[in-house]
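Asks: generate a structure from the sequence data that follows.
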Amino acid sequence: MITEQKKKALELFANGRKLYKLMQFSQARDSFAAALAADPTDSPSKVYAERCAYYLENPPPEDWDGVFTMTTK
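Replies: Below you'll find the model as predicted:
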């Protein structure tokens, strides 16, 4: 059974992913942060929040396909 807290985190994560794909990184980061507040163990939200922060500093090209390319190991 899934808890209400985890359900909320999943909804926030899904919203964050939608915003992320639309390159609305500030709003997506906020949604991932809210997901982490609901479920601090939600690793995917943590990863995507970090990627949003990166893209806010280093915007991807206009024709970005949504793929994050790692530049370091």
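
Asks: do you know how far the residue most central in space within the chain is from residue 1?
Replies: When CA atoms, centre = their mean is applied to the chain, the residue found nearest the centroid is residue 48 (3.3 Å). To residue 1, residue 48 is 26 Å away according to CB to CB, to the nearest Å. Backbone N, C-alpha and C define where each C-beta goes, glycine included.

Asks: where do the helices sit along the protein?
Replies: 4-21, 25-38, 43-57 (DSSP state H).

Asks: burial count for residue 32?
Replies: Number of residues near residue 32 (other CB atoms under 10 Å) recorded here: 29.

Asks: oops, could you answer that again for residue 1 instead?
Replies: For residue 1, the count of nearby residues is 3 (other CB under 10 Å).

Asks: got a pLDDT number for it?
Replies: Per-residue confidence (pLDDT) for residue 1: 84.

Asks: swap in residue 70?
Replies: Reading off the model, residue 70 has pLDDT 67.

Asks: quick one on the thing from earlier: from the helices of the chain, which stretch is densest packed?
Replies: helix 25-38 (a mean of 20; mean count of other CB atoms under 10 Å).

Asks: just want the angle from it to helix 43-57.
Replies: 150 degrees (axes from the mean of the first three to the mean of the last three CA atoms, to 10 degrees).
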